[in-house]
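Q: no FASTA, just this:
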């Protein structure tokens, strides 16, 4: 089969997200119902979901979701995991047969924590240790691919239409306070399981509609900091950027929006002196992480979610609310499908982030 | 004829509308069905729910009234007829519109009326009751865009309004003008300008049951500055 870089296919994609600010755990069936409305935006070459708050019984363990091409790849990967992690639980991820979903890899899930001795030896914190381990598996163990690695969250993705992917993974059996979904219409890469969205690293996940023209500038920048982009896909690099800026550098989500969807110089000139200096610093110091080209993204993270459009708003995004729930989608219809009486329907401006958090949680300043 | 759009695929729905012998058709429970009334003429549609993208694209006559919000690409390349939206509208409404009229009760997204054009008796009109997003009337070549700014902060348009404009007019009901490109002239509407927009204001008042006093205030008219405003901008011409 053709892999990344050998294939081109034009346009599309759909995204949808639901977030319960009060922490109410919503069934994965709801987000599946929402994304299904935008069936025409994808072409069956990728669909997926990220759920937050779905593994409360393992709050401190990293949930590694891994695709294996062969049993041999699983053995190699498990030997690696056993050397570095204390595996509390492992199992196949439950699936059901769906006619349109074929060629599935072996799909396994591990709840684990870095081994204390290894962690102390590495002089890293748990997050950095786990992130580096994920990078090692994905770039060094042939036939193994970690597609989800956060705590109390998980990604479920496949080649197929999103509603079929939800059926395949029995998504309605999971409950979480935040969900994102993606229907894929791959542009520059073939559809394969790992290349479907969401892309995830630790608790960060991204679904994306668009095509970023700064991909290689972003990739070269982020790879300087120990990230390895193995899939030639723009969304993968956006996920790494979130992890780098938010977890490693401790920047706020607003600052991240100002870096990746940086305001135009002409807009910066119109600000007062202090703002001008701050925004000039962000644009200059992080120029390699400015994402150009059309995008609308939903980024999930521990305890929250962020919606963001490119500064020219070249992709659609609608946001609505109902009580403590917030809905975000490429089309209003996808919101109405699961919340017919949604209120305050609006479209955020290009580069204007919508940042959602569970009540009582704050972004680190 | 009344059609229940609940769960209906857009192709089946559009076939049903197109092949119906009735002139008046009502569709209820719409949820994202695309391309409704694309290229259609001579029918009066009443739509309830949330119709999908490209509603009334290439519309060539007749009328569409939406009780709900419209999504992206409303009236794309529309040639004739009228679309009335009782609600808000997504991005790129009236894209490359070449005739007919669109009335939107509330706000409209980015890129409304871009590439609008006019030819002889074909003069498209886009009326936005609320606020318009950035790039309103970008590359406008003809026709009229009217923004009323009801319930909007000032100015009632986003950034880069009228950039690349080289024909037609944009009329803003506002006290504060947005930043405008050097190639665009602006003046307070004259009695002659007001006479031109009056029929469209009246249509808005009628469609959305708004009193004329609600639309009083100052109107500014934006027009391109010369016959060749972009001389030497891109090439040494």
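A: All right, it came through fine. None of these values were measured; they are calculated from a predicted model.

Q: every contact and neighbour count from this point should use C-alpha atoms.
A: Will do.

Q: quick one: the strands in chain B?
A: B:2-4, B:24-31, B:44-50, B:60-67, B:80-86, B:101-104, B:125-128, B:141-147, B:167-173, B:184-188, B:219-224 (DSSP state E).

Q: same list, those strands, but as a markdown table with distance to residue A:324 please.
A: Below are the strands of chain B laid out as a markdown table (distance: least, Cα to Cα, whole Å):
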| stretch | distance to residue A:324 |
| --- | --- |
| strand B:2-4 | 31 |
| strand B:24-31 | 24 |
| strand B:44-50 | 23 |
| strand B:60-67 | 27 |
| strand B:80-86 | 27 |
| strand B:101-104 | 30 |
| strand B:125-128 | 31 |
| strand B:141-147 | 33 |
| strand B:167-173 | 36 |
| strand B:184-188 | 45 |
| strand B:219-224 | 40 |
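
Q: identify whichever of the ones you listed lies nearest to residue A:150.
A: Evaluated with Cα to Cα, those place strand B:24-31 nearest to residue A:150, the distance being 34.7 Å.

Q: so what are the sheet partners of that closest one and their directions?
A: Here strand B:24-31 has these sheet partners by DSSP bridges: strand B:2-4 (parallel), strand B:44-50 (parallel).

Q: for the helix of greatest length in chain B, the distance to its chain's centre please.
A: The single longest helix within chain B, with elements called by DSSP state H, is helix B:191-208. What separates the centre of helix B:191-208 from the centre of its chain is 14 Å, taken as Cα atoms, centre = their mean, to the nearest Å.

Q: tell me if I'm right that residue A:352 and residue A:312 touch.
A: No: using Cα atoms under 8 Å, residue A:352 makes no contact with residue A:312, being 10.5 Å away.

Q: check which helix or strand covers whatever residue of the stretch 151-300 of chain A ends up closest to chain B.
A: Distance from chain B to each residue of the stretch 151-300 of chain A (Cα to the nearest Cα) is smallest for residue A:267, at 9.3 Å. Residue A:267 belongs to helix A:265-269 when assigned by DSSP states H and E.

Q: what's that helix packed up against?
A: Taking 3 or more Cα pairs under 8 Å, 6 or more residues apart in numbering or on different chains; DSSP states H and E as contact, the helices and strands that helix A:265-269 lies on are helix A:273-285.

Q: can you give me the buried ones in the helix it packs on?
A: A:276, A:279-280, A:282-283 (16 or more other Cα atoms under 10 Å in any protein chain shown).

Q: again with stretch B:39-46
A: B:39-41, B:43-46.

Q: before we move on, what about stretch A:227-235?
A: Buried residues in stretch A:227-235, defined by neighbour count with 16+ other Cα under 10 Å: A:227-229, A:231-235.

Q: picking up where we left off before, packed most tightly, which of the strands paired with strand B:24-31 would that be?
A: Mean neighbour count (mean count of other Cα atoms under 10 Å in any protein chain shown) peaks for strand B:44-50 among the strands paired with strand B:24-31, with a mean of 21.

Q: how much does that one deviate in direction from strand B:80-86?
A: Interaxial angle of strand B:44-50 relative to strand B:80-86 (axes from the mean of the first three to the mean of the last three Cα atoms, to 10 degrees): 30 degrees.

Q: okay, angle between strand B:44-50 and strand B:60-67 too, please.
A: Using the same axes, to 10 degrees: strand B:44-50 against strand B:60-67 is 40 degrees.

Q: wait, residue A:88 touches residue A:114, no?
A: No: in this structure, residue A:88 is not within contact of residue A:114 by Cα under 8 Å, at 10.8 Å.

Q: who's more crowded, those two?
A: More neighbours surround residue A:114 than the other of residue A:88 and residue A:114, with 23 against 12 (other Cα atoms under 10 Å in any protein chain shown).

Q: do you know the pLDDT at residue 162?
A: In the absence of a named chain, chain A is used. We note a pLDDT of 96 for residue A:162 in this prediction.

Q: my bad, the chain I had in mind was chain B
A: Reading off the model, residue B:162 has pLDDT 97.

Q: correct me, but it touches residue B:139?
A: Yes: counting by Cα under 8 Å, residue B:162 touches residue B:139, with 7.0 Å between them.

Q: more neighbours: which of the two?
A: residue B:162 (27 against 21).

Q: can you pull the contacts of the more buried one?
A: Residue B:162 makes contacts with B:135-140, B:170, B:180-181, B:184, as judged by Cα atoms under 8 Å, 6 or more residues apart in numbering or on different chains.

Q: what's the burial count for the closest residue to residue A:322 other than its chain neighbours?
A: Excluding its sequence neighbours, the residue lying closest to residue A:322 (Cα to Cα, 6 or more residues apart in numbering or on different chains) is residue A:342, at 5.3 Å. Residue A:342 has 19 neighbouring residues, counting by other Cα under 10 Å.

Q: do residue A:120 as well
A: 12.

Q: that one should be in a helix, yeah?
A: Yes: counting by DSSP: H, G, I helix; E, B strand; the rest coil, one finds residue A:120 located in a helix.

Q: need the pLDDT of it.
A: On the pLDDT scale, residue A:120 gets 97.

Q: need the contact list for it.
A: Counted by Cα under 8 Å, 6+ apart, residue A:120 has zero contacts.

Q: for the residue in chain A that chain B sits nearest to, give its distance to residue A:36.
A: Residue nearest to chain B within chain A (Cα to the nearest Cα): residue A:333, separated by 4.9 Å. Distance, residue A:333 to residue A:36, by Cα to Cα, to the nearest Å: 10 Å.

Q: any regions of the chain where pLDDT drops low?
A: The chain I'm using is chain A. Applying pLDDT under 70 to chain A picks out residues A:1-11, A:187-190, A:363-365.

Q: correction: the question concerned chain B.
A: For chain B, applying pLDDT under 70 flags the ranges B:227-235, B:237.

Q: perfect, I'm done here.
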